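S.K.: the following comprises the amino acid sequence and a computationally predicted model.
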Amino acid sequence: MGMTMIEKILARHAGVESTKPGDILVCDVDMAVQIDLSYLVDEKLAQPKRIADPDKVALILDHRVPASKIDDAAAHAKARAFAARFGIKRFFDVGRSGICHQVIQESGLALPGQILVCSDSHTIASGVLNCGARGLGQLEITQIVCTGKTWFKVAPTVLFRFEGTKPANVFGKDILLHIAGRLGSFEGHNVEFSGPGLATIPLDDRATICTMCAEISAEFATMPADAVVLDYLKGRTDVGFEPVESDADASYAAVHVIDLSHIKPTVAKPDFIPKNTLPIAEFNDKVKIDQAFVGSCANGKLEDLKAVAAILKGRRIAPGVRLVVTPASQKVYLDALRAGYIETIAESGGLVTNSTCGACAGGHMGVVGPGEVCLTSSTRNFRGRMGSPDARIYMASSATVAASAVVGYITDPTAFLQEAGIA
């Protein structure tokens with residue numbers, strides 16, 4: 001019996017010829033990533049006395065950047081000292097950083113056929129690069145930093161086969177919300193994406209899909225290293241890598257065919273995502289919003305800011321609505337600045353922040369208050385996630401967020417995109 005992508009990656013790193021669901025494998029890890037939150041815990045958990053290989057460790061300050069409290073500033077100082085002590089070259093400090101998953105992608109830290117771990121739940125995002133990427137607890141990350149190894153129990157894999165062509169008014173967030181609304185969550189399973197329709201999905205949208213797989217409780221998410229991925233990686237690394245493909249006779253727990261051409265702009269209602277989404281066209285409630293947020297590792301990408309700027313060009317944010325836009329990395333910020341997107345957003349009345357997890361994680365730069373309604377393109381809509389537990393958090397694509405910020409309530413962005421020549 002053949003193997004899936006993730007089964008091949010795990011088997012390779014465990015030094016075995018094959019594996020199957022249920023096996024427990026001890027694997028070598030190619031890259032372990034710590035974040036600033038790692039240094040808010042007991043020093044013994046984040047700062048071991050030895051590390052296995054400083055070239056296989058990266059440290060990214062992202063959640064509370066710049067420091068919002070004294071404890072955050074102290075954690076950043078500890079991180080800098082740790083990087084200096086062990087000669088960690090892949091250290092991304094304030095001003096040279098961004099949200100860890102975007103920085104990982106941009107910097108060639110996650111590569112096809114490799115294993116990457118990080119102490120953040122959305123590490124699964126790097127599956128877009130054909131990488132076995134997993135979020136783990138801080139104690140486990142420290143153990144990996146010390147030994148270079150960890151263990152995984154091989155889970156069964158669910159395959160999503162994309163058919164058809166992605167419509168121009170549909171984005172990666174819409175695709176994932178469609179899947180989650182129709183099929184629910186996949187606890188205890190890996191997910192894999194393939195099919196001819198994948199070629200119609202740009203890399204940023206693919207990355208959004210993989211990132212959001214954390215919200216359907218997937219263990220690993222993987223995509224093939226096709227021409228789009230290989231072209232993206234050119235010049236980003238001098239490290240050799242070996243992509244993996246699933247075998248033709250690989251065994252899957254289930255196979256779901258997703259016709260991209262049928263997907264429409266979609267919204268998730270508050271508090272959770274699985275079985276809680278619907279196309280905006282079927283959304284009967286006229287939901288007024290107080291805050292519109294674009295950002296996070298899922299949707300603070302350059303293509304997000306491009307769509308937002310196209311919709312906002314020549315328009316103003318509706319009275320009573322505040323729009324907060326957070327680029328996913330310093331590089332995204334600079335690219336958007338050069339392209340004029342930042343200027344357009346600011347001229348519309350929107351606020352552009354520095355790159356940080358900020359509002360998405362409910363830390364700073366956009367916390368919502370009691371009774372407020374926020375429409376977000378970030379990663380989570382849990383009650384209390386972005387601030388007050390009495391706030392309501394809806395989720396949609398960045399285009400939907402921008403269009404809704406203009407009209408003042410949740411709305412389909414299609415007409416705006418058509419006017420901008422995008423759809």
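M.R.: Ah, there it is. Please read all numbers here as calculations on a predicted model, not as lab measurements.
S.K.: straight-line length of stretch 148-160, end to end?
M.R.: 32 Å (CA to CA, to the nearest Å).
S.K.: cool, stretch 107-116 as well?
M.R.: End-to-end span of stretch 107-116 (CA to CA): 13 Å.
S.K.: buried ones in the helix or strand that C146 is a member of?
M.R.: Assigned by DSSP states H and E, C146 falls within helix 138-147. Buried residues in helix 138-147, counted by 16 or more other CB atoms under 10 Å: 138, 140-145, 147. Placement of C-beta: from N, CA and C, glycine included.
S.K.: per the record, what domains does the protein have?
M.R.: Per automatic domain parsing, the domain ranges recorded for the chain read 5-234+249-260, 266-419.
S.K.: from the chain's centroid, how far away is the shortest one?
M.R.: Its chain's C-alpha centre lies 15 Å from the corresponding centre of domain 266-419 when counted by CA atoms, centre = their mean, to the nearest Å.
S.K.: is R392 in a bridge, and if so with what?
M.R.: Going by DSSP bridges, R392 is paired in beta bridges with V373.
S.K.: using CSV, write down the CA coordinates of stretch 241-261.
M.R.: Extracted in CSV, the C-alpha atoms of stretch 241-261 (Å, rounded to 0.1, in the frame of the first residue of the first chain):
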residue,chain,number,x,y,z
PHE,A,241,15.2,19.8,-0.2
GLU,A,242,13.3,16.8,-1.6
PRO,A,243,9.6,17.3,-2.2
VAL,A,244,7.1,14.4,-1.7
GLU,A,245,4.1,13.3,-3.6
SER,A,246,1.4,10.9,-2.5
ASP,A,247,1.5,7.5,-4.1
ALA,A,248,-1.3,6.7,-6.6
ASP,A,249,-2.4,3.9,-4.3
ALA,A,250,-2.2,5.9,-1.1
SER,A,251,-4.9,5.1,1.4
TYR,A,252,-7.2,7.8,2.6
ALA,A,253,-9.8,7.9,5.4
ALA,A,254,-12.1,9.9,3.1
VAL,A,255,-11.9,11.7,-0.2
HIS,A,256,-13.9,14.9,-0.8
VAL,A,257,-14.2,16.5,-4.2
ILE,A,258,-14.5,20.3,-4.0
ASP,A,259,-15.8,22.1,-7.1
LEU,A,260,-14.2,25.5,-6.8
SER,A,261,-16.4,27.0,-9.4
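S.K.: may I see the buried residues of it?
M.R.: In stretch 241-261, counting by 16+ other CB under 10 Å, buried: 241, 243-246, 250, 252, 258, 260.
S.K.: likewise stretch 405-415?
M.R.: Buried residues in stretch 405-415, counted by 16+ other CB under 10 Å: 405-408, 410-414.
S.K.: same check, this time on stretch 370-379
M.R.: 372-379.
S.K.: now do the strands in the stretch 101-250 of the chain.
M.R.: Using DSSP state E, counting those that start in this stretch, the strands of the stretch 101-250 of the chain run over 115-118, 132-135, 149-153, 157-163, 190-194, 221-222.
S.K.: out of those strands, which gets nearest to I342?
M.R.: Within these, the stretch nearest I342 is strand 115-118; the backing value is 28.1 Å (CB to CB).
S.K.: now the closest one: mean pLDDT?
M.R.: Averaging pLDDT along strand 115-118 gives 97.
S.K.: which stretches of the chain have low pLDDT?
M.R.: 42-47 (pLDDT under 70).
S.K.: against which helices or strands is the helix holding C146 packed?
M.R.: Other elements packing on helix 138-147 under the criterion 3 or more CB pairs under 8 Å, 6 or more residues apart in numbering; DSSP states H and E are strand 31-35, helix 43-46, strand 115-118, strand 149-153.
S.K.: how about a markdown table for these, with mean neighbour count added?
M.R.: A markdown table is the format used below for the helices and strands packed on helix 138-147 (neighbours: other CB atoms under 10 Å):
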| stretch | mean neighbour count |
| --- | --- |
| strand 31-35 | 27 |
| helix 43-46 | 16 |
| strand 115-118 | 26 |
| strand 149-153 | 16 |
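S.K.: make JSON lines from these and add distance to P66 to it.
M.R.: As requested, the helices and strands packed on helix 138-147 are arranged in JSON lines below (distance: least, CB to CB, whole Å):
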{"stretch": "strand 31-35", "distance to P66": "15"}
{"stretch": "helix 43-46", "distance to P66": "20"}
{"stretch": "strand 115-118", "distance to P66": "21"}
{"stretch": "strand 149-153", "distance to P66": "32"}
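S.K.: out of the ones you listed, which comes closest to M5?
M.R.: Nearest of those (CB to CB): strand 115-118, 12.2 Å.
S.K.: about what we covered before: quick check: the farthest pair among the buried residues of stretch 405-415?
M.R.: Longest distance between any two of the buried residues of stretch 405-415 is 17.6 Å, between G408 and T414; criterion CB to CB.
S.K.: now K286, nearest residue through space, not along the chain?
M.R.: Using CB to CB, 6 or more residues apart in numbering and skipping the chain neighbours, the partner closest in space to K286 is Y409 (5.3 Å).
S.K.: mind listing the helices for the stretch 1-150 of the chain?
M.R.: Counting by DSSP state H, counting those that start in this stretch, the stretch 1-150 of the chain has helices at residues 5-14, 43-46, 70-86, 100-106, 138-147.
S.K.: I'd like the ones you listed laid out as CSV, including distance to L177.
M.R.: Formatted as CSV, those follow (distance: least, CB to CB, whole Å):
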stretch, distance to L177
helix 5-14, 23
helix 43-46, 35
helix 70-86, 32
helix 100-106, 19
helix 138-147, 30
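S.K.: just name the most buried of the ones you listed.
M.R.: helix 100-106 (a mean of 28; mean count of other CB atoms under 10 Å).
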